[in-house]
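K.L.:
Sequence and predicted model, in that order:
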Amino acid sequence: MSDTRPPASRFGSNSGQSFTRRDGIAKVTGTATFAADNHPDGLLYAVYVPATIARGRVSHLDVAAAKAHPGVAEVITPANRPMLDGDPESKGFMFAFRFEALQDNTVRYANQPIALVLGETLEAATEGARLLNPQYEALPARVGLNGDTPYKVEVGSFGRPGQTVYGDVAAGHAAAVQSVDLTYETPEQYHNAMETHAVVAEWQGDHVTLDMPNQAIVMSRGAYGYYFGIPPENVLIRSPYLGGGFGSKAIPNGPTVLAILAARMTGRPVKLMLRRDQMFGPVGHRGATRQRLRLGIDAGAKMTVLDHESLATTSTFDDFVESAANASQGLYAAGALRSAQYGVRVDAGTPGPMRAPGEASGSAALECAIDEMAEKAGLDPLEFRLRNYAETEPGTGLPYSSKALRECYLRGAERFGWSKRPMQPGQMRDEAGMLVGWGMGTALFHAPMFAAKARAVLRPDGTGLVETAAADMGQGAWTALAQIAADSLGLPLDQVEFRSGSSDLPDGGVAGGSGHTATAGGALHAAGSDAVRRLADIATADPASPLFGAGNAGVTARDGRFFVIDDDSRSESYADIIARAGGTEVVGTGSAARTPEDAGHHAMYSHGAVFAEVKVDPELYQMRVTRLVGAFAAGRIINPKLAESQLMGGMIWGISFALHEEARFDKRTGRIMNADFAGYHIPVNADVSGLEVITIHEDDAHVNALGIKGVGEIGVVGTVGAIGNAIRHATGHRIRRFPIRIEDLLHAALG
Amino acid sequence: MSFSISLTVNGTPREVTLEDARVTLLDLLRERLDLPGTKKGCDRGQCGACTVLVNGRRINSCLALAVTLDGAEVTTIEGLADGDHLHPVQAAFIAHDGFQCGYCTPGQIMSAVGLIAEGQAGCDADRIREGMSGNLCRCAAYHGITEAVLDASRRMGTDTEGAAA
């Protein structure tokens, strides 16, 4: 057990220390309870029946056959589905998406639910679902980026602008002495958290308890309350652990709502766990993109124009257009800057936020285009990026709240050995004869805050209790947020109990946008500080205390005691102060959100630089990433070990984007041909070696009170381009479609 | 028709009567024996989240029908620690941060325990990466997983070369 202990020396602060995960023992012993691990008495198992066409209508379901199967308890179809109070076609609240909950017989994409079967056992429900044997009237499916006529996006995902122009773009093009005009493509990708979406729903009167993985625990109460016509406080969501989320577990979806409805209809608890193949449809994905980048430079290789257009797929019935072109905002200085988004409607489920939405796809194209421009200018890719370094945010002219990108470039390059890189491609081979290539990419991710609340209690024994409904999907919220709270209470980490992951706690905000530690952490910090201030008031006003008369501002809190500033001999423990004051716990509350004034004065981003080495077989063109060095500047890092793990995970997502992941649609049927882990490839352990992360400290007085940015998504950004550029450097071939495949290189080589 | 089988699960004899021949070992453990530590990730042997030891060997429990395992000895993640004393592989996963969300972790750990027991791990990181590649991790905690298995393998005294298949 000694391995699970924190470092012995704390240097007075919990934050900044690499504590191991507080949920570690639960997770390595199998006692961490994920949603589908719950098993209330009287449970019914639900299996949803997925459509096997992409467009049309269901003409027949053999309900009698399904019901006749032993153990099948109920079959729900549009013919007998009880009414919902909130229409799934409405957008009745912020971030609402339209979804299919058996409102009619229409099929809008493959894998949408067309029926729900309930069984006394999972086996019976599964067989009942098969026996429904659906018949369809199918229409031709619209598939891919050429599936329909593009439309111009005025308001993009999350309300971001669809069209942004700074400066005179035409003049920028005209002023260029050299230019490139390049088109890149990225595919549909599916989140595929290892834990598929699951819910165990149990009603008691007009109250419902939902065990489900959820990235937006308190906000979701309102959403489910809306669909079921009950007040938010009647919905209890328990989500102590999420088996991965990546953006897909924040928004209600059809199968989950149907399972909750089934529990109300039958009066019994219902468990639904999506099958792996059912993850490819109703629970969001990253849309495909085609991006055109036109860059121009002047005689000094400074960009006169950075003109980025993106076309992305969305569904026929809702809007979520990947804001890929916006990745060119905020990063490079250019005389003129244009980001223009277009959408195309296809017969697929609606896309949604997937780890680094917009930035991942946009950066993949941008960072390759930057390299292509640098190569045309005859400049080293790093030198070219430094010449176009933005000292203030391009377009707006706002100062950055902090920006240690230059240090990221230099430290990363030094660690990687970038200065030894030959300019020309195809110059390096290893001892086994493999082609070796080096490439780089810049990473940028905005540093948002949402809104959160928290409660902190100093208990009579001097220990602390803090509460906020945060979500830990693997980032380490159970640990890092507790570290922040412990510091705010002036207590060692092991003296603080942290309650989280349940909707009956104060709103911890959304675990998304890489803003959760800043937001929930900010609220915990405020609540803890409030509790400490209240206790200090009590102590310094009490003539019996050695702190008497020091004044609230005259004492400091650490290790469960107050000390008079500059006089350590005058101190008293929290427990003694509370005991003398009557033994009542002291309660503090706090909240956190960024004010519009703060947001308006600075541009706030995390930054990074990623350097990649690839080795490519000169005959077979098999590609492997053999080294990946990422240097990131993301404000103050609360737990270096956990931050490094998250950044590495993001970089491996970059490997996946560059070389592995792609949903392949059958153009005749509109169905995904590789909707499982045999066909939809993600990196395995053997695909990953030589990973290094460097974090560069930033003191940021503007981003929030704690100086925290985020690390959850930025690891993906920059990495994809770095790998694409490394493959160009190894082989001399530029592939402008991701993932880069062996056949792409063979085709380029053989002509 | 019902089927009766005898299993030893984590050292405890269990008499199981199954009303249904379609029940997999994974669903038996999770839904009938109150052992939900073993996880379902794909239900078709492609992700390794459901890895358990059957008679000391690693298997995907989603691919094994329970009725075929009469007399088998099954070890799951719940049976690995000795009371409060973690198995060296469990301790190493915590120390090296070999997980993030923790969902694939029971399968990763059972796979690592099997790998080490079979003499397939040694102190060779490449062999460990290869041997652990049947266990997907979408958080991509692979760096920590490899370090954890290396460390545990050394601590368990299997760092002498040989014993390879």
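P.N.:
Yep, it's here.
K.L.:
hang on, A:Ala193 packs against A:Gly247?
P.N.:
No - A:Ala193 is not in contact with A:Gly247 according to C-beta atoms under 8 Å; the separation is 9.6 Å. C-beta coordinates here come from the backbone N, C-alpha and C atoms, glycine included.
K.L.:
list the buried ones in stretch A:300-308?
P.N.:
Of the residues in stretch A:300-308, those scored as buried under the neighbour-count criterion (16 or more other C-beta atoms under 10 Å in any protein chain shown) are A:301, A:303-308.
K.L.:
contacting residues around the residue of the stretch 251-400 of chain A found nearest chain B?
P.N.:
Chain B sits closest to A:Arg276 of the stretch 251-400 of chain A, with a gap of 4.2 Å, by C-beta to the nearest C-beta. For A:Arg276, the residues meeting the contact criterion (C-beta atoms under 8 Å, 6 or more residues apart in numbering or on different chains) are A:192, A:196, A:675-677, B:41-44, B:46-47.
K.L.:
Just among these, which is most surrounded?
P.N.:
B:Cys47 (29 neighbours; other C-beta atoms under 10 Å in any protein chain shown).
K.L.:
Distance-wise, check that one relative to chain A.
P.N.:
Taking C-beta to the nearest C-beta, to the nearest Å as the criterion, B:Cys47 is separated from chain A by 5 Å.
K.L.:
Now that residue. Its backbone dihedrals?
P.N.:
B:Cys47 adopts backbone torsions of phi -130, psi -20, taken as degrees, to the nearest 10.
K.L.:
where along chain B do the strands fall?
P.N.:
Along chain B, counting by DSSP state E, strands occupy B:3-9, B:12-18, B:51-54, B:57-60, B:73-75.
K.L.:
State the paired neighbours of the strand or helix carrying A:Val165 in the sheet, together with their directions.
P.N.:
Using DSSP states H and E, A:Val165 sits in strand A:163-166. According to DSSP bridges, strand A:163-166 forms sheet pairs with strand A:336-346 (antiparallel).
K.L.:
Next, the contact list for B:Ala92, please.
P.N.:
Shown in contact with B:Ala92 (C-beta under 8 Å, 6+ apart): A:3, B:98, B:147-149, B:151-152, B:155.
K.L.:
what number of residues lie near the residue of the stretch 151-300 of chain A found nearest chain B?
P.N.:
Among all residues of the stretch 151-300 of chain A, A:Gly243 sits closest to chain B, at 3.0 Å; criterion: C-beta to the nearest C-beta. In terms of burial, A:Gly243 registers 29 neighbours under the definition other C-beta under 10 Å.
K.L.:
Torsion angles phi and psi at it?
P.N.:
Geometry field for A:Gly243 lists phi and psi as phi -80, psi 60, criterion degrees, to the nearest 10.
K.L.:
what about the residue nearest to it when sequence neighbours are not counted, how many residues close to it?
P.N.:
Closest residue to A:Gly243 in three dimensions, ignoring its sequence neighbours and counting by C-beta to C-beta, 6 or more residues apart in numbering or on different chains: A:Glu195, at 2.3 Å. By other C-beta under 10 Å, 27 other residues sit near A:Glu195.
K.L.:
So A:Glu195: helix, strand or coil?
P.N.:
On the three-state scheme (DSSP: H, G, I helix; E, B strand; the rest coil), A:Glu195 is labelled coil.
K.L.:
List the contacts of it.
P.N.:
A:Glu195 touches A:34-36, A:213, A:242-244, B:39, B:41, B:101, B:103, counting by C-beta under 8 Å, 6+ apart.
K.L.:
next one: B:Met132
P.N.:
Counted by C-beta under 8 Å, 6+ apart, B:Met132 has contacts A:685, B:108, B:111-112, B:115, B:142, B:145-146, B:149.
K.L.:
Repeat the analysis, applying 7 Å as the threshold.
P.N.:
When the contact criterion is C-beta atoms under 7 Å, 6 or more residues apart in numbering or on different chains, the partners of B:Met132 are A:685, B:108, B:111-112, B:115, B:145, B:149.
K.L.:
Nearest to chain A: which residue in chain B?
P.N.:
The shortest separation between chain B and chain A is 2.1 Å, found at B:Gly37 (distances taken as C-beta to the nearest C-beta).
K.L.:
That residue - how many residues pack around it?
P.N.:
By other C-beta under 10 Å, 27 other residues sit near B:Gly37.
K.L.:
which residues does the closest residue to it other than its chain neighbours contact?
P.N.:
Spatial nearest neighbour of B:Gly37, chain neighbours left out: A:Gly30 (2.1 Å); criterion: C-beta to C-beta, 6+ apart. Counting by C-beta under 7 Å, 6+ apart, A:Gly30 touches B:37, B:76-78, B:106.
K.L.:
the domain parsing of chain B - what is it?
P.N.:
B:3-79, B:88-155 (automatic domain parsing).
K.L.:
In stretch A:157-168, which residues are buried?
P.N.:
Within stretch A:157-168, the residues scored as buried using 16+ other C-beta under 10 Å are A:157, A:160-164, A:166-167.
K.L.:
Next, format these as TSV and append pLDDT and distance to A:Arg624.
P.N.:
Formatted as TSV, those follow (pLDDT from 0 to 100; distance: C-beta to C-beta, whole Å):
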residue	pLDDT	distance to A:Arg624
A:Ser157	83	34
A:Arg160	85	36
A:Pro161	90	39
A:Gly162	94	38
A:Gln163	96	40
A:Thr164	97	38
A:Tyr166	97	40
A:Gly167	97	42
